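**Student:** sequence and predicted structure are below.
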Amino acid sequence: MSYQKAAFRLTIFPLVIIGAGLLGFAQDPTRQSQDPMEKPRNVKPELKKAYKDWLEKDVTYVITDEERKAFKKLQTDDEREKFIEEFWRRRDPDPDTDENEFKEEYYERIAYANEHFASGIPGWKSDRGRIWIMYGKPDERETHPTGGSYDRPSYEGGGNTSTYPFETWFYRYLPGVGSGVEIEFVDPTGSGEYRIARNPNEKDAMLNIPGAGLTLSEQLGLSSKADRIAGLSAIGSQNYQREQDSPFSRLQLLADLSRPPQVKFNDLATAVNTGVIEENPLNFDIRVDYFRQSDERVITAFTIQTDNKDLVFQDSGGLQQARINIFGRITSVAGRRAGIFEDPVITTATTEELTEAKDRKSAYQKAVALAPGTYKVDVIVRDVTSGATGVKHVGFTVPRYDPQKLSTSTLVLAAKLESLVDRPAVGQFVIGQTKVIPNVSGVYHRGQPVGVYLQVYNAGVDQTTLRPSVDVEYALSKDGKELGKQSEDWRGMSDSGQRLTLARLIDTRALPPGEYELSIRIRDRVSGQALAPAAKFTVVQ
């Protein structure tokens, strides 16, 4: 009997355990269902149409990849509104004003593209519309709206052919793309939808017609049209092609034009604002010069100069290049922004010239029209390769030129002085019809000429000759002792009105090393007023 009871207990015990286990499993509230249809779905809410249109239509050409990714990660409409506001603020050239000039011009470009470049698609979607929206109106624009007879230029092989409708746009400079940018658009279907050409032959309507529209080389039997169709026009005897028309250059241009314009040097602006500069400082010099434009405006020129030996040169296509980024912000006494400038500067030398180039300097200049008053300019310069950075804060006062008094511009001692009478007077360092590159350090090697540039304002007019009557004398001294002087010969001068320009070179070959002072003594014969602006320079071996 006791054995049976024991056996009963042994058989019932595991059943109780199993039953308890089954009961516990069935009642476990934390166990998830295995049915995938019952699992919660992680669905990201779709963007509202307004935000989707802003991202995919309004700013699709100018928003960077990083900004696009950041916008897509935002969760709320408030975050998106703040992002959009910051997006435009980063591109505002003058955030202190109520208007955002960049934003206003951008939407004007979109409206223009839709009005002038629409065909079967909206104007903003076309290639011409995209380039217009991204870069604005070209500096030059050549149009052939009906195509027709076309005499090829020599760099396209010469000869006569017939073309599809095409346009050529030219930009003197596009940030991130380069200088002298030429973009060709072709409409091979005649529908009005122009597309960027990948080679100069795309506009040739006779390209695939045997014996028609031949180049000069093909007419002489020196080359075959089949080579041109195959894209081999730069090979063999057909070496007329420009480098910018080569397949690789065209592809590189297309790639550069497809990238959104970057917000230039935003990190430099941040460094100026915070004053936080990394170690490894970069030394540079800065000077400010003033040239009267009108009674209310003065051209204020900021010249920044670095020693090439402080820059890092790297090989780029067989040339040695040093790249620096420059950012400057001008503010008034009240703290209101009066101007901003930001540009890349590239110094180039061959491998053979590198040693000599490192003994020279690189210069950059920005000219801004300012009202008379007191200002401050914050300038930051960064070597792109090494990351070396320098910053300077310079206070300056823009003079007010009294129209009744004899006055002068800044006396500039230049490293280079060149007349531009027969050439376009555009670009950096150009003042009137003269290219003036200041020598910021004031140090000249013996034998290197010292350029002198000065403008004289409000000179009295002689009623007999109806020209200003002014005596000018150059005096050079060393250690307080005058070494010599020379009078200005006004004959042949073409200055008009009451502004005179002094520009000459001083020979230093006979000057021993040392410090010198140049004084320009000016006396107005009509009014009797006199001035004597002066500047110092150093001659070394």
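**Tutor:** Perfect, I can see it now.
**Student:** stretch 194-208: end-to-end distance?
**Tutor:** Between the opening and closing residues of stretch 194-208 lies a distance of 20 Å (Cα to Cα, to the nearest Å).
**Student:** and it, what's its mean pLDDT?
**Tutor:** Regarding stretch 194-208, the rounded mean pLDDT is 91.
**Student:** what comes into contact with that stretch?
**Tutor:** Applying Cβ atoms under 8 Å, 6 or more residues apart in numbering, the external contacts of stretch 194-208 come out as 117, 126-128, 131, 147, 150, 156, 161-167, 183-188, 212-213, 228-229, 231, 233, 241, 245, 247, 250-251, 254, 257. Backbone N, C-alpha and C define where each C-beta goes, glycine included.
**Student:** list the buried ones in stretch 282-302?
**Tutor:** With burial defined by 16 or more other Cβ atoms under 10 Å, the residues of stretch 282-302 counted as buried are 282, 284-292, 298-302.
**Student:** those: which two are farthest apart?
**Tutor:** Taking Cβ to Cβ as the measure, these reach their widest spread between L282 and R292, a distance of 33.5 Å.
**Student:** identify the bridge partners of the residue nearest to Q486 when sequence neighbours are not counted.
**Tutor:** For Q486, the nearest residue in space outside its immediate sequence neighbours is Y474; the separation is 5.0 Å by Cβ to Cβ, 6 or more residues apart in numbering. The residues paired with Y474 through beta bridges, assigned by DSSP bridges, are Q486, I520.
**Student:** now do Y474, the pLDDT please.
**Tutor:** Per-residue confidence at Y474 stands at 94 (pLDDT).
**Student:** please apply the same query to the one 10 residues further on.
**Tutor:** At G484 the predicted local distance difference test score is 90.
**Student:** now do the one 10 residues further on
**Tutor:** pLDDT, S494: 45.
**Student:** W490 now?
**Tutor:** Value for W490, per-residue pLDDT: 61.
**Student:** same thing with F13?
**Tutor:** At F13 the predicted local distance difference test score is 37.
**Student:** all helices of the stretch 301-450 of the chain, in order?
**Tutor:** In order along the chain, the stretch 301-450 of the chain carries the following helices (DSSP state H, counting those that start in this stretch): 354-357.
**Student:** now the contacts of stretch 194-208: which count as buried?
**Tutor:** 117, 126-128, 131, 147, 150, 156, 161, 163-167, 183-188, 213, 228, 233, 241, 245, 250, 257.
**Student:** and the gap between the spatially closest residue to T215 that is not a sequence neighbour and L251?
**Tutor:** Take T215 and drop its neighbours on the chain: the residue closest to it by Cβ to Cβ, 6+ apart is G157, 3.1 Å away. Per Cβ to Cβ, to the nearest Å, G157 is found 21 Å from L251.
**Student:** same question, E85
**Tutor:** With Cβ to Cβ as the criterion, E85 and L251 are 37 Å apart.
**Student:** repeat that for P260.
**Tutor:** 19 Å.
**Student:** do the same with G484
**Tutor:** Distance check for G484 against L251: by Cβ to Cβ, it reads 61 Å.
**Student:** likewise Q455?
**Tutor:** Distance, Q455 to L251, using Cβ to Cβ: 48 Å.
**Student:** give me every residue that touches S126.
**Tutor:** 113, 117-119, 193-194.
**Student:** of those, which belong to helices?
**Tutor:** With helices taken from DSSP state H, the overlap with these comprises A113.
**Student:** just the closest of the contacts of S126 to G460, please.
**Tutor:** When these are compared for distance to G460 (Cβ to Cβ), A113 wins out at 54.9 Å.
**Student:** contact partners for the closest one?
**Tutor:** Applying Cβ under 8 Å, 6+ apart as the definition, the contact partners of A113 turn out to be 123-124, 126, 128-130, 132-133.
**Student:** dump those residues to CSV, plus distance to S386.
**Tutor:** Compiled in CSV, the contacts of A113 are given as follows (distance: Cβ to Cβ, whole Å):
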residue, distance to S386
G123, 45
W124, 41
S126, 43
R128, 41
G129, 41
R130, 36
W132, 38
I133, 36
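**Student:** closest to V177 out of the residues you listed?
**Tutor:** Lowest distance from V177 to the contacts of A113 (Cβ to Cβ) belongs to R130, with 13.5 Å.
**Student:** part of a strand, is that closest one?
**Tutor:** No: the assignment for R130 is helix, going by DSSP: H, G, I helix; E, B strand; the rest coil, so no strand is present there.
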